[in-house]
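> Generate a structure from the sequence data that follows.
(chains A and B)
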Amino acid sequence: MLRVENLVKDYATGFLKKKVRVLNGVNLTVNKGEIFGFVGPNGAGKTTTFKVILGFVSLTSGSIELMGEPLGDVEVKRNIGYLPENPFFYDYLTGEELLHYMGELHGLNGDSLSKRIDELLEKVNMTHAKKIQLRKYSKGMLQRVGIAQALINDPQFLILDEPMSGLDPIGQREIKELILEQKEKGKTVLLSSHILSDVEALCDRVAIIINGRVVKTGELGRLFEGIHTNYEMLLRGGDQEALNNLGDLNVEVAKRAGLTVLKFDENVKSRVLDVVSDSGGDIVSLHPLRKSLEGLFVEEAKKDSHIET
Amino acid sequence: MKAIWSVAHNTFKEAIRDRVLYSLILFAILMILSSLLFASISAQQSNKIIKDFGLTVISLIGIIISVFLGMGLVYKEIDKNTVYNIFSKPIRRYEFILGKYLGLAFTLLINTVAMGVILLLIVLYIETKHSGIIQFYYGGIYISELIKAIYFEYLEFLVIIGIALVFSSFTTPVMTLLFTLFLFAIGRFSSDIRLFAEEVKNPVVEYISEIIYRVIPNLEKFDVRSEAVYGGDVSWMLIFYTTVYAVIYTFVLLILSILIFQNREFK
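From the prediction side, this is the model:
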């Protein structure tokens, strides 16, 4: 569906037109029928990659093939739906008028377009606001109508830039369901996010981009193999002096509601367990702290000799 | 092709919702007030003053709308990121530029026609009041000359929108405003500039003024107010040539805008 090879993008900035490399050899393949997550911290190059794919900015070098066609083929866009990051629409239009305009640009018109607009507004729970000007919409409402306009042409390939942004938990769940529904219909989805839980619940595969380079691609679970995990242990009782000495092993020791809380890295886990056992403390709970995407970013950044961590 | 009309329709809608047509109310008030003010003068005299004043105000309002809406025509879409929605759809960049231009041109057409009708009604009213009958001919001047003068003013707006569009395709609204007003001023005084160069008798000044005269649109061609007001013939030949002049100039300006916009990066 999409193949991006060695994509490089330089921007000229400032008065002297100094070149800044925003994308530094991005490689990406999105297969038909999958939901593909494009994750990375803010400023990593996710949106820029989308902008190059859609022809908003030119590429410096590399190659892109979108739905079997080379970059720049306008007709390909008949089968594409795109939600920009922080979408801003014409605030003098109503939700219905916006969808009508966007539909017209796809060559749709008449009753079939009106029917499609009603369907989509219902799908994103915006029927009540269809006659309201967009200037009166909240951020979440704009995001919903943005998703509706991306779906107006019933696209084969959906590109969504931060689709959960600005939505409350209910809205996020609804949009996730909508995205999964697209997959069930055989559609392909490429979405970007900097929030791990967004991609975890949806994506078949992900690519992690850091500083303009895709550092890992694959199934999400596998990407975390070999990443350090922190643990949190809650203890009742035990020899406090022995526990306090755990500080030497870089264990954080704190008190909470009469319990001792220990936080430590997995590589000292067995030693901590030994000390706790000797101290006579009663383990109330022990659980791994959630592996955060940030943790993964840091790990990857460490490997990247060009990046200071 | 259909995309051009969609963009034009949306541009027109934006202008209307930006309350552009409020200018009509302003125009009507100005015209009614001035007709009351000049009511004491003889019909022929007051009508001349009102026609001159009316044509000047139509021109002024039209130019203000052309420049002020023209300066944000493309820039606003880039600045507000609406280009991302537009160009993720199957629309070519030249279609967008043509749509934006036609949308504003249509807005001005509606506005100019409406202002023209108001002016004609007031002129006819004053004439009828004085003579007791509706006359389409008085003092050697046909009403048709007035309509021709308004048409010429509209042609000027078409060229000014084109100039604003070129600058709006690559620079900020403030710069577009400055550049457009600068070119407008030169365009309005281009024969004076040429005359000045002849007086100075300096080959460099003459050369530069010749370039300005040839390259920058001569907007004086669109001013036939004195013919319309004080008597004079605006021939069909002149209408034809002036129309062709405006169309060619607009065409060149549109091509220029498209060439600039074609390679514009939407960062």
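
> And A:Phe160, which helix or strand is it part of?
Careful, residue A:160 is Leu and not Phe. strand A:157-161 (DSSP states H and E).

> What strands line up against that strand, and which way round?
Neighbouring strands of strand A:157-161 in its sheet, by DSSP bridges, are strand A:80-83 (parallel), strand A:188-193 (parallel).

> Model confidence for the residue lying closest to A:Glu75 once chain neighbours are set aside, exactly?
Using C-beta to C-beta, 6 or more residues apart in numbering or on different chains and skipping the chain neighbours, the partner closest in space to A:Glu75 is B:Pro90 (6.1 Å). To be clear about C-beta, it is placed using only N, CA and C from the backbone, and glycine gets the same treatment. You'll see B:Pro90 listed with a pLDDT of 94.

> Could you give the number of residues near B:Pro90?
19 (other C-beta atoms under 10 Å in any protein chain shown).

> Got phi/psi on it?
phi -80, psi 70 (degrees, to the nearest 10).

> list the contacts for A:Gly281?
Residues in contact with A:Gly281 (C-beta atoms under 8 Å, 6 or more residues apart in numbering or on different chains) are A:235-239, A:243, A:260.

> What about those, which are in helices?
A:Leu243 (DSSP state H).

> Which two among the contacts of A:Gly281 are spaced furthest apart?
Greatest spatial distance among the contacts of A:Gly281 (C-beta to C-beta): A:Arg236 and A:Asp239, at 12.6 Å.

> quick one: which of those two has more around it?
A:Asp239 (14 against 11).

> show me where the chain has helices.
Here I'm looking at chain A. A:46-53, A:95-105, A:110-123, A:139-150, A:169-184, A:196-200, A:220-223, A:240-244, A:269-279, A:293-303.

> wait, I meant chain B there
Here chain B has its helices, by DSSP H, at B:2-17, B:22-37, B:43-70, B:75-79, B:82-86, B:93-131, B:143-168, B:173-188, B:190-200, B:203-215, B:225-230, B:236-262.

> Pick the most buried one from those.
Ranked by mean neighbour count, the helices of chain B are led by helix B:143-168 with a mean of 24 (mean count of other C-beta atoms under 10 Å in any protein chain shown).

> Report the helix or strand with the lowest average pLDDT across the chain.
I'll assume chain A. Between all helices and strands in chain A, the lowest mean by mean pLDDT, DSSP states H and E belongs to helix A:293-303, at a mean of 66.

> wrong one, I was asking about chain B
Ranking every helix and strand in chain B by mean pLDDT, DSSP H and E puts strand B:137-138 at the bottom, with a mean of 54.

> Can you give the domain ranges for chain A?
Domain assignment for chain A by automatic domain parsing gives A:2-223, A:230-288.

> Tell me which of these sits nearest to B:Val234.
Nearest of the domains of chain A to B:Val234, taken as C-beta to C-beta: domain A:2-223 at 39.0 Å.

> Please tabulate the contacts of A:Gly281 in a markdown table, including the columns pLDDT and distance to chain B.
Output for these, formatted as a markdown table (pLDDT from 0 to 100; distance: C-beta to the nearest C-beta, whole Å):
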| residue | pLDDT | distance to chain B |
| --- | --- | --- |
| A:Leu235 | 89 | 53 |
| A:Arg236 | 89 | 55 |
| A:Gly237 | 85 | 59 |
| A:Gly238 | 83 | 58 |
| A:Asp239 | 83 | 61 |
| A:Leu243 | 83 | 55 |
| A:Thr260 | 88 | 52 |
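
> In strands only, show me the contacts of A:Gly281.
Counted as lying in strands by DSSP state E, out of the contacts of A:Gly281, are A:235-236, A:260.

> Export those to a markdown table and append columns for distance to A:Arg213.
Converted to a markdown table, the ones in strands among the contacts of A:Gly281 look like this (distance: C-beta to C-beta, whole Å):
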| residue | distance to A:Arg213 |
| --- | --- |
| A:Leu235 | 43 |
| A:Arg236 | 47 |
| A:Thr260 | 43 |
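
> and the stretch 51-200 of chain B, which of its residues are near chain A?
The stretch 51-200 of chain B comes close to chain A at residues B:80-92, as judged by C-beta under 8 Å from any C-beta of the partner chain.

> returning to that earlier point: hmm, the residue nearest to A:Glu75 is touching A:Gly103, no?
No: taking contacts as C-beta atoms under 8 Å, B:Pro90 lies outside contact range of A:Gly103: 12.0 Å.

> Contact partners for the residue nearest the centre of chain B?
When C-alpha atoms, centre = their mean is applied to chain B, the residue found nearest the centroid is B:Phe157 (1.6 Å). Contacts for B:Phe157 (C-beta under 8 Å, 6+ apart) come out as B:62-63, B:65-66, B:105, B:108, B:112.

> Same check on A:Ile117?
With C-beta under 8 Å, 6+ apart, A:Ile117 has these contacts: A:96, A:99-100, A:103, A:130, A:148, A:152.

> Name whatever forms a beta bridge with the residue nearest to the spatial centre of chain A.
Note on chain A: the residue nearest the mean C-alpha position is A:Ser193, at 1.4 Å, using C-alpha atoms, centre = their mean. Assessed by DSSP bridges, A:Ser193 has beta-bridge partners A:Val39.

> ok, it to chain B distance?
Counting by C-beta to the nearest C-beta, to the nearest Å, the separation of A:Ser193 from chain B is 18 Å.

> who's in contact with that residue?
So A:Ser193 contacts A:37-39, A:162-164, A:199 (C-beta under 8 Å, 6+ apart).

> for chain B, what are the nearby residues on the stretch 101-250 of chain A?
Checking the stretch 101-250 of chain A against chain B by C-beta under 8 Å from any C-beta, the hits are A:101-102, A:104-107, A:149, A:153, A:159.

> Quick check: the residue nearest to the centre of chain B vs chain A, distance?
22 Å.

> so how far is B:Thr180 from that residue?
12 Å (C-beta to C-beta, to the nearest Å).

> Also B:Gln45?
36 Å.

> again with A:Val214
45 Å.

> just checking, B:Ala228 touches B:Tyr151?
No: applying C-beta under 8 Å, one finds B:Ala228 not in contact with B:Tyr151, separated by 10.3 Å.

> circling back to that earlier point, contacting residues around the residue nearest to A:Glu75?
A:74-78, A:105-107, B:3.

> ok, now with 10 Å
A:73-80, A:105-107, A:153, B:3 (C-beta atoms under 10 Å, 6 or more residues apart in numbering or on different chains).

> Distance to B:Leu146 and pLDDT added to the residues you listed, as CSV?
Output for the contacts of B:Pro90, formatted as CSV (distance: C-beta to C-beta, whole Å; pLDDT from 0 to 100):
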residue, distance to B:Leu146, pLDDT
A:Asp73, 52, 81
A:Val74, 46, 86
A:Glu75, 50, 87
A:Val76, 53, 90
A:Lys77, 49, 92
A:Arg78, 49, 93
A:Asn79, 54, 93
A:Ile80, 53, 94
A:Leu105, 41, 95
A:His106, 45, 94
A:Gly107, 43, 92
A:Asn153, 49, 94
B:Ala3, 38, 92
